[in-house]
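Asks: quick one, what's the 3D model for this:
(chains A and B)
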Protein chains: 2
Amino acid sequence: MATAHGEVETPAFMPVGTQGAVKAVTHRDLEDLGVQILLGNTYHLYLRPGDDLIARRGGLHTFIGWTKPILTDSGGYQVFSLAARRTIDEQGAHFRSHLDGSAHSLTPEKAVDIQAQLGSDIAMVLDECLAHPATADAVRASMQRTLRWACRARDRFLALRDRLVPGVVVSNPGQAQFGIVQGGVFPDLREESACQTVEIGFEAYAIGGLSVGEPTEVMYDVASRTTACLPEDRPRYLMGTGTPEDLVESVARGIDLFDCVLPTRNARNGQLFTSEGRINIKNARYAEDDRPADPHCGCYTCRTASRAYLRHLFAVNEINAATLNTLHNLHFYLDTLQRIRDAIAFGRFESFRLSFHQSLSRQPHDS
Amino acid sequence: MATAHGEVETPAFMPVGTQGAVKAVTHRDLEDLGVQILLGNTYHLYLRPGDDLIARRGGLHTFIGWTKPILTDSGGYQVFSLAARRTIDEQGAHFRSHLDGSAHSLTPEKAVDIQAQLGSDIAMVLDECLAHPATADAVRASMQRTLRWACRARDRFLALRDRLVPGVVVSNPGQAQFGIVQGGVFPDLREESACQTVEIGFEAYAIGGLSVGEPTEVMYDVASRTTACLPEDRPRYLMGTGTPEDLVESVARGIDLFDCVLPTRNARNGQLFTSEGRINIKNARYAEDDRPADPHCGCYTCRTASRAYLRHLFAVNEINAATLNTLHNLHFYLDTLQRIRDAIAFGRFESFRLSFHQSLSRQPHDS
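Replies: Below you'll find the predicted structure:
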């Protein structure tokens, strides 16, 4: 996948750098891990330090000192999940900041403007996020609103590209814009959403509204049916997913791009992803365990720290427990993607997929 | 200075790794910074995870994965400053854990035993820590008790070396033991303490009971008078000091070894040491400041992050604000020591000392 800040090998995993930083690690750590693209959260960056300030710094890349590609979300998901006193109408989302209660509106156009000022390499359109489960009628109405918003977002994006919007700084003229397919768990709605979104025409397409509580098999099925409706020559991004197993299964269904807070958030809670399942490092059974978190892992944490030391650091609330756990979990995710890419390149993805699942189920998870 | 885990160039600064980790950074970061020796806190490690557990892991070096030298304190300072319901008698200190209220005693012998099990390269004797100010009579009595404790500590240390104490694991047979000079701000008591401590005979000597609230000039004066009483061929360690200015002035008075929480603790509070004075990165004036924290600094933080980004990370409470600030402050301290060593080697310490103070006073500190 080519971007204004370089190429990304796909399928790829994007660590979540919510506020312009991946929690508990430095950019140097991310580069060492082989991270090729970061995700930034528009909602958070809009509130603090503000897209105007970031634009004055020359955009998000310059501001945070990250020279590789960045994708920003539209801010919609956080408005739906974090903001207070939220109302939605045809115009957009109206809400109060979860920080200071200040009133804001996020419209399709505003989401484009903010991301233009941030200057990410990939901007996402604003979509409506429904809670799961929802009736087919509610999902249809929401999906259709998302399509109308997508038209408005694309118009705004093209107007900005043509420098027709005064007062908005375009920090990255090479920015791409991805459309988002909605439609819940209903195959016909997903198909309609995909066709209409492709008709509007974006640089590439994402699948939204999954990983929101539906059964795993339903997610796989929807992803599979939706990718079939998306152009083969454009990357497909499954938003907010998922477990390591989800990544492998989603790649099998045609997905190229992932983001998820699981590796980083779980790391801070002491849960480590390993080649033999998840372990909870705070468990007393690890207090005198001199083995690395994952005996098959070559990351910095596994090369230098025992489970006993990791458990101690977590138990006494050391800051670098979060760092070491995050380094390991991100390495596990990025290494899984690297192994997927290698397997695809060598034409042995199916055998990789089988052995990956067998390895993970070899011993019971303890968390 | 030669230790069982290699040599240390002096004068040297020891970052404080309270619980077996320097807060907010990894060992890899410390190695990149050129850290040659770490300090570990016996009180904390004794309570969690316990010296028995660490001894079963092969000692502190193995447990935490740090192969360079480690100095451990005696635990006394934390007992005096942190523990609850503390009483002191000739036998030792009796206290309750600040964590769970459990009852413990720290005697001169116990402090030796714990550090033997930890297997640090340098163990400190237990001394009595008086609050400043104190009367000459109180300081004399305390200093004399510290001498009696030092005799007991040395006896225990030699007995352990000769394997005469069953039940205590000697994790590092090459461990050295340093005596501690007390005597408050009274020159005659300092002199008496120094002479008697040297008479007991330790591998080297420390100056305790300073940096506890006395005026800076008094500290310098006491350090100066005390080093004059200590052997020239052994390192002299000024415990718990201090500011960058203190380090330069103390080296001028014959000090070789320092530890202090200032660079790491202040980093976590947003205060950065720079070649032009201290800055408080949370200050609003830095919100749009694209310069590095210290324009004359070559550390990772200053090479890659602006003041604006550092302020943002601190303001939104990102974990890596602590990491980046700590990397910078530790670099400033270690670089200052490196420059001191270079200046001494080239016979121009006095001109370095002058220009160092001039640079720091060039602009007003903002914190």
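Asks: quick check: closest non-adjacent residue to A:Ala228.
Replies: In space, A:Ala228 comes closest to A:Gly254 once its chain neighbours are excluded; the distance is 7.5 Å by C-beta to C-beta, 6 or more residues apart in numbering or on different chains. (C-beta placed from N, C-alpha, C; glycine too.)
Asks: typed the wrong thing, it's A:Glu7
Replies: A:Met1 is the one closest to A:Glu7 (C-beta to C-beta, 6+ apart), at 6.7 Å.
Asks: and A:Arg190, by the same measure?
Replies: A:Gly183 (3.7 Å).
Asks: quick check: the one you found is in a helix.
Replies: No. Going by DSSP: H, G, I helix; E, B strand; the rest coil, the assignment for A:Gly183 is coil, not a helix.
Asks: contacting residues for it?
Replies: A:Gly183 makes contact with A:139, A:143, A:189-194, A:209, A:222, A:226, according to C-beta atoms under 8 Å, 6 or more residues apart in numbering or on different chains.
Asks: what does A:His94 give?
Replies: A:His94 touches A:86-88, A:103-106, counting by C-beta under 8 Å, 6+ apart.
Asks: 10 Å instead, please
Replies: A:His94 is in contact with A:79, A:83, A:85-88, A:103-107, counting by C-beta atoms under 10 Å, 6 or more residues apart in numbering or on different chains.
Asks: give me phi/psi at the nearest residue to A:Leu30 once chain neighbours are set aside?
Replies: Leaving aside its sequence neighbours, A:Leu30 sits nearest to A:Val22 (C-beta to C-beta, 6+ apart; 6.1 Å). Torsion angles at A:Val22 (phi, psi; degrees, to the nearest 10) stand at phi -80, psi 130.
Asks: before we move on, the earlier item: from the contacts of A:Gly183, which land in helices?
Replies: A:139, A:143, A:189-194, A:222, A:226 (DSSP state H).
Asks: got those residues as JSON lines, with neighbour count columns?
Replies: Converted to JSON lines, these look like this (neighbours: other C-beta atoms under 10 Å in any protein chain shown):
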{"residue": "A:Val139", "neighbour count": "23"}
{"residue": "A:Met143", "neighbour count": "24"}
{"residue": "A:Leu189", "neighbour count": "20"}
{"residue": "A:Arg190", "neighbour count": "26"}
{"residue": "A:Glu191", "neighbour count": "16"}
{"residue": "A:Glu192", "neighbour count": "19"}
{"residue": "A:Ser193", "neighbour count": "31"}
{"residue": "A:Ala194", "neighbour count": "23"}
{"residue": "A:Val222", "neighbour count": "24"}
{"residue": "A:Thr226", "neighbour count": "26"}
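Asks: closest to A:Tyr46 among the residues you listed?
Replies: Among the ones in helices among the contacts of A:Gly183, A:Met143 lies closest to A:Tyr46 (C-beta to C-beta), at 25.3 Å.
Asks: doesn't A:Phe186 make contact with the closest one?
Replies: Yes. Between A:Met143 and A:Phe186 there is a contact under C-beta atoms under 10 Å: 8.7 Å.
Asks: who touches both of these two?
Replies: Counting by C-beta under 10 Å, 6+ apart, the common neighbours of A:Met143 and A:Phe186 are A:192-193.
Asks: let me see the ranges of the helices in the stretch 101-250 of chain A.
Replies: A:108-118, A:136-161, A:187-200, A:216-227, A:244-252 (DSSP state H, counting those that start in this stretch).
Asks: now the angle between helix A:187-200 and the fourth one, please.
Replies: In this case it means helix A:216-227. 40 degrees (axes from the mean of the first three to the mean of the last three C-alpha atoms, to 10 degrees).
Asks: now do the contacts for the closest residue in space to A:Arg353 that isn't next to it in sequence.
Replies: Excluding its sequence neighbours, the residue lying closest to A:Arg353 (C-beta to C-beta, 6+ apart) is A:Val248, at 5.5 Å. By C-beta under 10 Å, 6+ apart, the residues touching A:Val248 are A:11, A:242, A:336-337, A:339-340, A:343, A:349, A:352-354, A:356-357, A:360.
Asks: distance check, A:Val248 against A:Gly183.
Replies: Distance, A:Val248 to A:Gly183, by C-beta to C-beta, to the nearest Å: 24 Å.
Asks: same check, this time on A:Cys129
Replies: 12 Å.
Asks: cool, and A:His104?
Replies: For A:His104, the distance to A:Gly183 - C-beta to C-beta - is 28 Å.
Asks: just give the nearest non-adjacent residue to A:Leu118, would you?
Replies: Per C-beta to C-beta, 6+ apart, closest to A:Leu118 is A:Leu60, 4.5 Å.
Asks: also A:Ser193?
Replies: Nearest to A:Ser193 is A:Gly183, by C-beta to C-beta, 6+ apart, at 4.3 Å.
Asks: is it fair to say the residue nearest to A:Ala228 lies in a strand?
Replies: No. A:Gly254 is assigned coil when assessed by three-state DSSP, not a strand.
Asks: could you pull up phi and psi at it?
Replies: phi 100, psi 10.
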